[in-house]
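S.K.: Sequence and predicted model, in that order:
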Amino acid sequence: MAPKVVLVTGCSRYLGGHLAARFAANPDIDRVLGVDTEPPSRDLLRRMGRAEFVRADIRNPLIAKVISTAHVDTVVHASVTANPAGPSGRTVMKEMNVIGTMQLLAACQKSPHVRKLVVKSTSAVYGSSSRDPAVFTEDMGPKDLPSSGYAKDAVEVEGYVRGFARRRPDVDVTALRFTNFIGPRIDTVLTRYFALPVVPTVMGYDARVQLLHSEDALAVLERAALHDLPGVYNVGGDGVLMLSQAIRRAGRISLPVPSAAVPTMGRFFRGARLVDFSPDQMRFLNWGRVVDTTLLKEEFGFTPRWTTQQAFDDYVSGRALRPLVDPELVASVERGVLDLAARFR
């Protein structure tokens, strides 16, 4: 059954704001509420149309009043983020991710009107290590449990969501484990990383990277809210790119850094406010991560429009990144590598 009153958290950011705009454009939905601590930009607010912005902090128990008063029946928790803001950003990020989720779930549990909960999670819950399988399925756990940062937050968030599902079995709960977002308009740690003119990498490692176009992410969240599709689903584009291949496709120059110097490199980029790398993101650049999306296609009923490579190329062209390396040279090198590999088959 289609929702009548939808609440979206994190509406001042790209994903939450554009998702609220999609719901507002749906005539079958009576009311759309967008919640965040800061108002969306003027352009995003305009895109949101008839969606109502509610300035509220989900860490505050008063969020329960917003949900109950508006008779919200569908909650889309899209504010879990990996992007800290400001000097104390990581502390605030953890509070918003973990404490905010706890308060939001408590509010949903109290409301008799809530019938559906959609949570934006991340494939980072699987961690990144040398002992990882080639592909993670939804029933697998991490080989090394994330001990800090966004990945640890996501593990805690999913734990609270499972607890909520047990206490409210009448609510359809959908958890979406997204791979890293990419696209010309979304701002993430990874989009900033690939925009650097010289891209630092860990010497001796070449991670496998699976990406998801931001438009596909919006489509998946929208489908989860509009249909009864409870469960946990990996969400990612088909195919992978090696980190070195992605850097070449962006026309950037790779700078291999010894493992011992990686923490210093991270502090430098964080201090310069270029890219804020957390330890779990550093491990991702070492080992990468790939997930299986069979359930997404067969049970959830969604196939991403963009492959990993197509999504990355759209990001490069959409951002108008000026290549430091001639794209024709990159293409010829990749063709040469493929031809050489074919000879040894």
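M.R.: Done, it's in. Numbers count the residues shown, from 1 in each chain.
S.K.: can you tell me the helix or strand for Val54?
M.R.: strand 52-55 (DSSP states H and E).
S.K.: Can you name the secondary structure element that comes next after that strand?
M.R.: Once the chain leaves strand 52-55, the next helix or strand it forms, by DSSP H and E, is helix 63-69.
S.K.: Distance from the helix or strand just after that next one to the middle of the chain?
M.R.: As assigned by DSSP H and E, the chain's next helix or strand after helix 63-69 is strand 74-77. Strand 74-77 sits 16 Å away from the centroid of its parent chain (Cα atoms, centre = their mean, to the nearest Å).
S.K.: how would you label Ser121: helix, strand or coil?
M.R.: Here Ser121 takes the strand state, with states given by DSSP: H, G, I helix; E, B strand; the rest coil.
S.K.: before we move on, back to that, show me what the strand holding Val54 is packed up against.
M.R.: Identification of packing neighbours for strand 52-55 by 3 or more Cβ pairs under 8 Å, 6 or more residues apart in numbering; DSSP states H and E yields strand 31-36. C-beta: built from backbone N, CA, C; applies to glycine.
S.K.: so after the strand it packs on, what's the next helix or strand?
M.R.: Following strand 31-36 in sequence order, the next helix or strand is helix 42-47 (DSSP H and E).
S.K.: average pLDDT across that following helix?
M.R.: What helix 42-47 shows for mean pLDDT is 94.
S.K.: How far off centre is it?
M.R.: Using Cα atoms, centre = their mean, the distance from the centre of helix 42-47 to the centre of the chain it belongs to is 22 Å.
S.K.: can you check stretch 57-69 too?
M.R.: Centroid separation for stretch 57-69 versus its chain: 24 Å, with Cα atoms, centre = their mean.
S.K.: Strand partners (parallel or antiparallel) of the strand holding Val54?
M.R.: strand 31-36 (parallel) (DSSP bridges).
S.K.: Next, count neighbours for Glu298.
M.R.: Using other Cβ atoms under 10 Å, Glu298 is surrounded by 10 other residues.
S.K.: From Leu44, how far off is it?
M.R.: 34 Å (Cβ to Cβ, to the nearest Å).
S.K.: So which bits of stretch 94-112 are buried?
M.R.: The neighbour-count check on stretch 94-112 (16 or more other Cβ atoms under 10 Å) flags 94, 96-98, 100-105, 107-108, 111 as buried.
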